[in-house]
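Enquirer: my questions concern the predicted model and sequence given below.
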Amino acid sequence: MTRLLGISGSLRAGSYNTALLQAAREVLPEGVELEIATLHGIPLYDGDAEEKHGIPAAAEALKDKLAACDGLVLCTPEYNHSIPGVLKNAIDWMSRPGADKERVFGKRPVALLGASPSGFGTVLAQNAWLPVFRILGMRYWSGMELMVSGAHKVFDDQGKLQDEKVSELLRKHMAGFTAFVRG
């Protein structure tokens, strides 16, 4: 069984990015499971708080899930043409302490996808993640980009993916990433 961890970079209840991860679960290849983790409960990174109290329980739990999975699927919104702060904050916490970085991130396969109501999609946010992956030592899968633009038109009011073309692209994306993870 190939185990993937999916993290949405949005906290919003009606998030298109969380909906995209949920749709990804429905199109996975045989023998693959995708656990979707939340960023709720992770405080803003503060080195003084880390020194005084250690890693917060929510960040530590997410670190352990990441360390135990075969690959990471980040579903990133794009805020102000870049990375969403809440997702970058979680990655920053998970990279602490520095001695734990290799266990959590080292050579871990990672794929990006994203959804946005804009016509531009999440291209700038996805590009902005690449230096972060490099410094963490992750293996970025560049086999296929998936940036869902006009997300308000491809998901229904309950967050169910309604667009067959996007669904097929998502299926291909997840199959390609799975093959990369299984290497």
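Expert: Great, that's in hand.
Enquirer: for the protein, just list every one of the strands.
Expert: 2-8, 32-37, 71-75, 109-115, 139-140, 147-148 (DSSP state E).
Enquirer: what does the second one contact?
Expert: Applying CB atoms under 8 Å, 6 or more residues apart in numbering, the contact partners of strand 32-37 are 1-8, 18, 21-22, 24-25, 28, 62, 65, 69, 73, 174, 178. Any C-beta I mention is one placed from the backbone N, CA and C, and that applies to glycine too.
Enquirer: quick one: mean pLDDT over that strand.
Expert: For strand 32-37, mean pLDDT rounds to 98.
Enquirer: name the helices or strands packed onto the longest helix seen in the chain?
Expert: Using DSSP state H to define each element, the chain has its longest helix at helix 164-182. Here helix 164-182 touches strand 2-8, helix 16-26, strand 71-75, strand 109-115, going by 3 or more CB pairs under 8 Å, 6 or more residues apart in numbering; DSSP states H and E.
Enquirer: list the buried residues in the second one.
Expert: If I follow you right, that is helix 16-26. 16, 17, 18, 19, 20, 21, 22, 23, 24 (16 or more other CB atoms under 10 Å).
Enquirer: now distance to residue 166 and mean pLDDT too, for the helices and strands packed on helix 164-182, in TSV please.
Expert: What follows is the helices and strands packed on helix 164-182, written out as TSV (distance: least, CB to CB, whole Å; pLDDT from 0 to 100):
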stretch	distance to residue 166	mean pLDDT
strand 2-8	16	98
helix 16-26	8	98
strand 71-75	13	98
strand 109-115	9	98
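Enquirer: export these to CSV and tack on distance to residue 150?
Expert: Output for those, formatted as CSV (distance: least, CB to CB, whole Å):
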stretch, distance to residue 150
strand 2-8, 18
helix 16-26, 10
strand 71-75, 16
strand 109-115, 9
